[in-house]
Each structure stands twice: as structure tokens, then as C-alpha cells.
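*Asks:* What follows is a predicted protein model with its sequence.
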Amino acid sequence: MKTIRPLLAFVLLASALAVQVEITTLQAAMVIAWLVAAGLALTTLSWREIAIPSPFVLIPVLAFAIRLPIANSQPPLIRLFFVLALWMLILVALAVPLWGSLAHQKQRQSRSARS
Amino acid sequence: MVEACYMHLSKSWLIISFSAAFAAVLILQYPLATTFPIGGDATRYIDRVAQVKDAWQQSPRLGIAKLSSNTPYPGVIALLAASELLPGSWPEKFTWWVVWGHVATAAALSWLSYRVAGWQAAAGATVIWSMVTVTITGHVEEGTLAQLLSLGPLALFFSFLNSRRPWPALLLLPLIYVLHPLSGLIGLAVFGIAYFVASGLSFFSLPARLAAAALVLGSFMIWTQAAALANFPQGTRPFPLFDHPSHPFGFFLLLAPAGLVVLTKQIHRQPYLTATIFVFAAVATLLTFNSFLGIGVIPHRLQSYFVMALTILASIALPSMLRLAIPPRVGRYLFVATLFIAFGLSVWSRNSLVFNFYESPSRYARLHPDERAAITWLANEVPTTAFIASSKTNRHSEWIPILSSHQWTGLAANDPIWRLSDTQLQNYIKQSPYTHLVFFKHREKPTDIFHGLAVYPTVYENQAALIVQLQNL
């Protein structure tokens, strides 16, 4: 698995440079960048670790996919505040257990290493 | 061993110095390539400084009261007021405040990246930020000066969020808030959410309690400002990078997802700092693209936070990606040097286009040199007791009181002075305090009654400006 990582990094740098000389579009390179990030995550991190940043990526993606119907009559900034607050609440609800379980795993590992 | 350590240190300092020099060249392009500030809000800041100064001269208490009531950016107004002690004219000082804002932000981002991923990331952050000063964030425009000045302290605040007891960092929050309330609120929200997340499941731990307090305080502050916030302008301008896909910053944008992976590796070592960057990236993304949520509140003012988040993530990712893709050290350094020089030249050339546009008198994008000459004539030749009037439809006239120190008022398009004639006009002028009327001819055609009649003599005229004396002093 480790041998794939240099290739992934190379692909990422090459596609980012390709946008500079207009060989490919920014959108296409963004898809490659996320695929490379996923590949790097799979080859670098444990499943538990991969789960950690997932809420931080998923929340913005979900937020743009699902427009919450929060009182359109409210002034825009108040609406922005409520929408953000709601999504952040979901983020906390998702991220806290993941972070907590990682910390728990870490504690268990260090305890077993000590014993 | 000592020698190896010394070599490593000297090499890291060499690269940090190179990146700082690179950033300095791009940031200093603005004062070197322009002779006058770009943008239209500089005069508002200076006007508020003058109001505070007048109140302060009456009593320091009044000065402080004025400072807290006449602007949402009291910290910036206080800084500008202090800079009155320095030599130079207001336009020059403004240009240098913008430069300082970029230098401070680049340095703070560099420090933040250093704390997460070492000196190579620090060098990367400096270089990346210097590339976004014009096209991507539009921060040479003075309307964003307060926000720009708050970005450095915000990045510094994040860099201190590295332990369970973030007291020194929390001391920075009020400073960020008085520089720019939005940055202060974002800092408070990011701190609150990140510390909730990083405290794991222990809701009754100190970080969780601090986080809860921060979130309650932030919500309360927004609630109390609800009426003022309701008037925020709406806009749907997309992120400018989409208009400039081949801008060098696009390269770094594409490294950001890999930055998330590299950052994840730091969770065990720096749980609070990592959570802070994750949360900041999520909040900045949601804010910048709030148009996609159907809201559309000032996206062009919020994108600076997104660019900051991308700069941090890209600077963290760059050294790792380079190490993986180009194992030989010499090859890696050659690649980076070539890349940065090519990017630097590209950014310099793109920025030049913007600066040349504003410098060109024919574009009339900012105060015309002939208009400035007319204001300078007012300053030198007309007694300070004079009262200057002009149309306020042309925002260039806002520079009259600042560059001439005279009293000035901007007249609305429906002011009687533009439509009355003969005796009625004379009576109106007699009752008014105005002694001189200024026309900036690129956008205003002087009415016949004020051009060539002996009643209102022309006291100054050039290609772009006409000054008429309305009554004797």
C-alpha cells in the first residue's frame, strides 16, 4: 500500500500543475485532488483515523446539498446564523464521539503498552 | 551531532528567509507600483479618526465614548489615530497599513503552520499568502482594511489553541473583536466548537466548559447585534478563483484536501490545534459559499477566511506531497524553487494589471492626479475657515476634507444649489455656509451658472477640476 503513496502525490502535483497551463480544468483537478486525498487517507490512516475528519468534510457538502428551510422571512444574516448554528451542532454531534473514541483507543493503547 | 543540527537550522533559516523575501517582493509591489490608495473607503476611516480626535481634545472620556460609538472597528480607528504621530500623508499611511496587514497575516499564518507541520510548512504559508493579496482576496481595497488587520491576530489566536488551558489565546479574542467584530465572532465560534470536539466525550472537562461559555457568549453577542446585522448587504459574487482558474493559488487550493490527511496524522499529538483548524476550515467554507445555502450574505467579504484556511491546509500538505513525489532532496528543492519563481512572476504580472488599471488616469478608477492638484491648491491657497461644497455623487470628492483640512459637505443630486437660479440661488448661497464649490469634471458637468459668470468667479481650473468661489470669506 505504501508504494502507491508517491504515485498519488505525483498525480496530485501533476494535475495541479496541469491546471496552471490549462491542460485540464480546475473542476477536473479538484475531483483528482479529492480522490488522491482519499487514496492517501486509505494508505496512511487507520479506519478509525479516517473517520475523524469525515464530519468536517461531510458537513459542508451536506449543507450545500440540503438547503435547510429556515424562515426565509428572517433577515439574511440572522438566517445565516441559524443555519450555521444548526450545521455546527450536527458537526459537533458527529465529531465528538469520533474524537472521543480515538482518545479512548489511544488511552487503551498506552495502558496496554505500560502493562 | 551538533554540526548536523547546526546545518539543519541554517538550512531552515535560509529557506524561511528566502520565502520571507519572496513574500516581501510581492507584498511591496503595492506601495511601489501605486501612488495612491486603491478603493473608496479610506476616507471613511480617516473621517472617523478625525471625529475621535476632536472628541479626545475635549476630554479623553469623550474620545473613548466616540471611539466605541462611531465605528464597528474601534481597534483599527485607534491604530490609525496613533499613526497620526508618524510622518507622511494619509494616502501614504493607508497604503502602508495595507502592507502591514499582509505582512502580519503572512507571519501569523507562517507561525501557525510551523506549529502544526514544521518550518517547511511555515515557509509555504508565507509564500502562499503573498500570492493572494490582490486578485483572490481583494485586500488592497481599503474597505477591507479592518478585516485584513484582524486576520493576523486571528491566525495567532488559532496557533495558541494548543492545550487544555488556552488562557493566553483567550486574551487575544477581545483584541480581534475590536479590530473586526466578524473575525472576533468567528474566532469565538471556532474555539467553542473545536474545544467541544477535542474534549471528546468528557462534557464536564475544563475545555468543554470553556467551549460552552464561548458558544453562549458568541450567541448572545450576535443576538444583541441582531438589528444591526439585519442590514448586511447581500451579494452573490462567487469565489474569484473560479474566474481565474489558472491563478497560482489554484495549485494550492488543490493541495488542501491532502492537507486534511496530513492534519489528521497530528490528532494524537495536537488534538486541540488540529480540531481548531478542522473547524475553522468547515466554518470558513460554509460562510464563503453561503450563497449556495440560499442566503447570500457578503460572500466577497467572507472569502478571506476561506483563503486563510486553504493557505494553512496547503502549506501543511506541500512538504509531505513533495517528499513523497520527489524523494531526492536536491530535486525537491529545485522543483520548489522553479515552481515558486514561476508563480511569483505570474502573480507579479497579474497584480501589475490591477495596479496599472488604478494608476491610469484615463480609467478614472481613483482620485485623478488633476483632482488631487485642485485639492492641493485648496489646501495651500484657501484659508482654513473656508467651507467647501461639492456633489457627493462622485466619491473622489470625499478626499477634499482629508487632503485640504477644510470643512466640506457633499451635496445630494437634488440639492437646491443645482436647480435654483439668479436671485433665489444667491439667497440660498447667502444662507448657506458654503464659500467654494468644487466640480470634478470627469463625472459632473459644471452648470452654466457656475462657469464663466462674474458673480461666481472661477478661482481654479484644470483638465479635471473646477473651483468656484461662492462668497467672500
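*Replies:* In hand now; what should we look at?
*Asks:* Counting neighbours, what do you get for residue 51?
*Replies:* Let's take chain A. By other CB atoms under 10 Å in any protein chain shown, the residues close to A:Ala51 number 18. Quick note: C-beta positions are derived from backbone N, CA and C, even for glycine.
*Asks:* Hmm, no, I was thinking of chain B.
*Replies:* Using other CB under 10 Å, B:Gln51 has 17 neighbouring residues.
*Asks:* That one: what secondary structure?
*Replies:* Going by DSSP: H, G, I helix; E, B strand; the rest coil, the secondary structure assigned to B:Gln51 is helix.
*Asks:* Any stretches of chain A with poor pLDDT?
*Replies:* Along chain A, segments meeting pLDDT under 70 span A:1-2, A:71-73, A:103-115.
*Asks:* What's the first helix or strand after the helix or strand harbouring B:Ala275?
*Replies:* Using DSSP states H and E, B:Ala275 maps to helix B:271-288. Going down the chain from helix B:271-288, the next helix or strand is helix B:299-325, by DSSP H and E.
*Asks:* Which other helices and strands does that next one contact?
*Replies:* helix A:4-20, helix B:90-117, helix B:119-130, helix B:145-160, helix B:181-198, helix B:248-264, helix B:271-288, helix B:329-359 (3 or more CB pairs under 8 Å, 6 or more residues apart in numbering or on different chains; DSSP states H and E).
*Asks:* Residue 101 - nearest residue in space that isn't next to it in sequence?
*Replies:* Using chain A here. Counting by CB to CB, 6 or more residues apart in numbering or on different chains, A:Arg48 is the residue found nearest to A:Ser101 once chain neighbours are left out, at 6.9 Å.
*Asks:* oops, I was thinking of chain B
*Replies:* For B:Gly101, the nearest residue in space outside its immediate sequence neighbours is B:Leu148; the separation is 3.7 Å by CB to CB, 6+ apart.
*Asks:* elements contacting the helix holding B:Ala275?
*Replies:* If contacts are counted by 3+ CB pairs under 8 Å, 6+ apart, helix B:271-288 sits against helix A:54-65, helix A:76-114, helix B:90-117, helix B:145-160, helix B:181-198, helix B:248-264, helix B:299-325.
*Asks:* Report the angle between the shortest one and helix B:181-198.
*Replies:* Just to be clear, that refers to helix A:54-65. Interaxial angle, helix A:54-65 versus helix B:181-198 (axes from the mean of the first three to the mean of the last three CA atoms, to 10 degrees): 130 degrees.
*Asks:* Buried residues of helix A:54-65, list them for me.
*Replies:* Buried positions in helix A:54-65, judged by neighbour count with 16 or more other CB atoms under 10 Å in any protein chain shown: A:Pro55, A:Phe56, A:Val57, A:Leu58, A:Ile59, A:Pro60, A:Ala63.
*Asks:* what residues are up against the residue nearest to the last one when sequence neighbours are not counted?
*Replies:* This means A:Ala63. Closest residue to A:Ala63 apart from its sequence neighbours, by CB to CB, 6+ apart: A:Trp87 at 5.0 Å. Applying CB atoms under 8 Å, 6 or more residues apart in numbering or on different chains to A:Trp87 gives the contacts A:Ile59, A:Leu62, A:Ala63, A:Leu68, B:Leu286.
*Asks:* Go through the residues you listed and say which is closest to B:Leu453.
*Replies:* Nearest to B:Leu453, judged by CB to CB, of the contacts of A:Trp87 is B:Leu286 at 60.5 Å.
*Asks:* unless I'm mixing things up, the closest one is touching A:Ala63, no?
*Replies:* Yes: with contact defined as CB atoms under 8 Å, B:Leu286 reaches A:Ala63; the gap is 5.8 Å.
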